[in-house]
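Trainee: coordinates only, sequence not included:
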Ligand SMILES: NC(=O)c1ccc[n+]([C@@H]2O[C@H](COP(=O)([O-])OP(=O)(O)OC[C@H]3O[C@@H](n4cnc5c(N)ncnc54)[C@H](O)[C@@H]3O)[C@@H](O)[C@H]2O)c1
Ligand SMILES: N[C@H](CO)Cc1c[nH]c[nH+]1
Ligand SMILES: [Zn+2]
């Protein structure tokens, strides 16, 4: 892991160090994905089966998981893992239930009532990564809020083979339309529809560079599907002062590095001793990992930055805009207001990032590539649409009519004006009749 002293770097070096490649920066990946999407659109299932054979080595036209297969998966699982999935599901539901937005009602002027309502998105596509590891926790992160929101059709796609834990978590979230397809081809199938998979309105979930690029491309086409966010290879940034425990920091850096060769882990510390001890602890702990090779590759583009003080450390973090931000300093809570760009923040030494990955209740689907500057952690708001309702009483119309008619005059829109004056005339007649 590269260690650098921030003070000694030029502006250009600092910018380079904190940047990551854009989603579509690989011309190869962009071209491959464009081709896959075009093929799925023109040849549907036939292309979907071909890609599943080519990329996932499964030669089958049976991509829909049956109810019997879901039940069999449940039977095979041990009680401890079932219980862990159940506890995580309840935790996630609890935190997401609290985000459910009640109807907002405001009387903006006497007799003028405005409301904001939400309505669940009808059909949602849930992408669950599966290339390098099955992620049942991701099923809960996208499935539980979709279920809570009341989405009508929950479609899950994940590359074969589907782990029993994935099927069990899906069942818990009420997902019964499950397909064993992955990659860009699964995203294209959900966005445009094929003979086996009917089109969805919005696609959720993280994935590798091919999946994320496919989501980007289908979301740019109005005939495609909306997407949640760019959620690519995992990242973590740790801010630490001299009070931090280097063994703890190393375990957090490695827990994201083991996700994929393209994951990135960053430590920004004000203390050179913590920097040195953490570098050593990372090497020691790396030896203990089952996915040592993957983590080692990720460490190749990970780094330790020595900052002059906490203020500079925070500035670096805000510029990098990490998916996960861990704060291991004295009184970590006091920094929260200054941490402007992060998908999810973990405060203090007793809050490892992995609790958010599984079961604290927060969502682990988070923007990466620096998109925490503009995108948010996945939440209930992503599964619904907002719409407004307004209702005016006779007095409400009387009160608002002068404003609306003058603005309609200013815009030269006489029909808009008449829609108000025609009613005002009617009200005037009624008033007259009432007086007689
Ligand atoms: N940001 C988040 O919220 C979040 C959450 C969980 C996981 N992740 C990330 O998701 C990613 C999961 O990646 P993964 O690879 O394990 O699973 P994946 O399901 O995203 O990708 C596997 C698929 O990629 C396709 N593919 C592989 N090589 C290809 C090639 N050469 N050409 C075309 N398609 C190809 C295949 O179709 C395969 O099914 C990791 O990077 C992990 O860090 C992110
Ligand atoms: N850290 C990942 C999000 O970037 C989510 C995850 C799933 N399982 C373990 N971790
Ligand atoms: Zn993780």
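Mentor: Nice, I can see it. Owing to the predicted nature of the structure, the values given are computational and were not obtained by experimental measurement. Ligands and ions are numbered 1, 2, ... in the order given.
Trainee: So residue 338 sits against residue 314, correct?
Mentor: Yes. Here residue 338 reaches residue 314: they are 5.2 Å apart, a contact under CB atoms under 8 Å. Backbone N, C-alpha and C define where each C-beta goes, glycine included.
Trainee: and those two? which has more neighbours close in?
Mentor: A count of neighbours by other CB atoms under 10 Å puts residue 314 above the other of residue 338 and residue 314, at 20 against 12.
Trainee: helix or strand for the more buried one, which one?
Mentor: helix 310-320 (DSSP states H and E).
Trainee: between whatever helix or strand comes next after that helix and helix 310-320, how big is the angle?
Mentor: Scanning forward in sequence from helix 310-320, with DSSP H and E defining helices and strands, the next element found is strand 324-328. For the pair strand 324-328 and helix 310-320, the angle between their directions (axes from the mean of the first three to the mean of the last three CA atoms, to 10 degrees) equals 170 degrees.
Trainee: what residue ranges in the chain are flagged as low confidence?
Mentor: By pLDDT under 70, the weakly predicted segments of the chain are 436.
Trainee: And the residue of it that's closest to ligand 1?
Mentor: Nearest residue of the chain to ligand 1: residue 183, at 2.2 Å (CB to the nearest ligand atom).
Trainee: so who does that residue touch?
Mentor: With contacts defined as CB atoms under 8 Å, 6 or more residues apart in numbering, residue 183 is in contact with 36, 51, 55, 56, 131, 159, 207, 210, 211, 214.
Trainee: returning to that earlier point: any buried residues in the helix holding residue 314, and which?
Mentor: 310, 312, 313, 314, 315, 316, 317, 318, 319, 320 (16 or more other CB atoms under 10 Å).
Trainee: what are the phi and psi values for residue 342?
Mentor: Taking degrees, to the nearest 10, you get phi -160, psi 150 for the backbone angles of residue 342.
Trainee: Up against ligand 1, what does the chain have?
Mentor: Residues of the chain found near ligand 1 (CB under 6 Å from any ligand atom) are 32, 55-56, 129-132, 135, 138, 159, 182-184, 206-208, 210-211, 231-234, 259-260, 263, 323, 364-366, 368.
Trainee: Now, these that are in helices?
Mentor: Assigned to helices by DSSP state H, the following of those qualify: 32, 55, 56, 138, 183, 184, 210, 211.
Trainee: Which two among these are spaced furthest apart?
Mentor: With CB to CB as the measure, no two of those lie farther apart than 32 and 138, at 23.5 Å.
Trainee: Those two: which is more packed in?
Mentor: Here residue 32 and residue 138 are set side by side on neighbour count (other CB under 10 Å), and the busier one is residue 138, at 26 against 17.
Trainee: wait, what's in contact with the more buried one?
Mentor: Contacts here follow CB under 8 Å, 6+ apart; on that basis residue 138 touches 128, 129, 205, 206, 364, 365.
Trainee: number of nearby residues for the nearest residue to the second one once chain neighbours are set aside?
Mentor: Okay, so that is residue 129. Residue nearest to residue 129 in three dimensions, not counting chain neighbours: residue 207, with 5.0 Å by CB to CB, 6 or more residues apart in numbering. By the criterion of other CB under 10 Å, residue 207 has 27 neighbours.
Trainee: isn't residue 207 right up against residue 229?
Mentor: No. With contact defined as CB under 8 Å, residue 207 does not count as touching residue 229 (11.6 Å).
Trainee: just to revisit the earlier point, closest one to residue 287 out of the ones in helices among the residues of the chain next to ligand 1, please.
Mentor: Compare each of these with residue 287 using CB to CB and the shortest gap goes to residue 138, at 27.9 Å.
Trainee: As a check, name the ranges of all helices in the stretch 301-436 of the chain.
Mentor: If DSSP state H, counting those that start in this stretch is used as the criterion, the helices of the stretch 301-436 of the chain fall at 310-320, 353-358, 394-411, 414-435.
Trainee: Any chance of those in JSON lines with distance to ligand 2 as columns?
Mentor: JSON lines is the format used below for these (distance: least, CB to the nearest ligand atom, whole Å):
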{"stretch": "helix 310-320", "distance to ligand 2": "15"}
{"stretch": "helix 353-358", "distance to ligand 2": "3"}
{"stretch": "helix 394-411", "distance to ligand 2": "48"}
{"stretch": "helix 414-435", "distance to ligand 2": "49"}
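Trainee: which SSE is residue 105 in?
Mentor: With secondary structure defined by DSSP H and E, residue 105 is part of strand 104-109.
Trainee: Partner strands of that strand and their direction?
Mentor: For strand 104-109, the pairing partners within the sheet under DSSP bridges are strand 112-120 (antiparallel).
Trainee: Give the single residue among the contacts of residue 138 positioned nearest to ligand 2.
Mentor: Lowest distance from ligand 2 to the contacts of residue 138 (CB to the nearest ligand atom) belongs to residue 364, with 4.2 Å.
Trainee: What about the closest one, how many residues nearby?
Mentor: If you count neighbours by other CB under 10 Å, residue 364 ends up with 27.
Trainee: you'd agree it is up against residue 142?
Mentor: No. Under the criterion of CB under 8 Å, residue 364 lies out of contact with residue 142, with a separation of 9.8 Å.
Trainee: what does the stretch 201-350 of the chain have sitting close to ligand 2?
Mentor: Among all residues of the stretch 201-350 of the chain, those adjacent to ligand 2 (criterion: CB under 6 Å from any ligand atom) are 234, 259, 323.
Trainee: Just the buried residues of the residues you listed.
Mentor: Buried members of those, counted by 16+ other CB under 10 Å: 234, 259, 323.
Trainee: so what's the last one up against?
Mentor: Residue 323 sits next to 234, 235, 236, 342, 343, 344, 366, 367, 368, 372 when contact means CB under 8 Å, 6+ apart.
Trainee: can you check the second one too?
Mentor: For residue 259, the contact set (CB under 8 Å, 6+ apart) comprises 132, 133, 233, 234, 294, 298.
Trainee: so what's the first one closest to, chain neighbours aside?
Mentor: When you say that, I think you mean residue 132. Closest residue to residue 132 in three dimensions, ignoring its sequence neighbours and counting by CB to CB, 6+ apart: residue 260, at 6.1 Å.
Trainee: Tell me how far that neighbour lies from residue 207.
Mentor: 10 Å (CB to CB, to the nearest Å).
Trainee: before we move on, what about residue 255?
Mentor: When residue 255 is compared with residue 207 (using CB to CB), they lie 19 Å apart.
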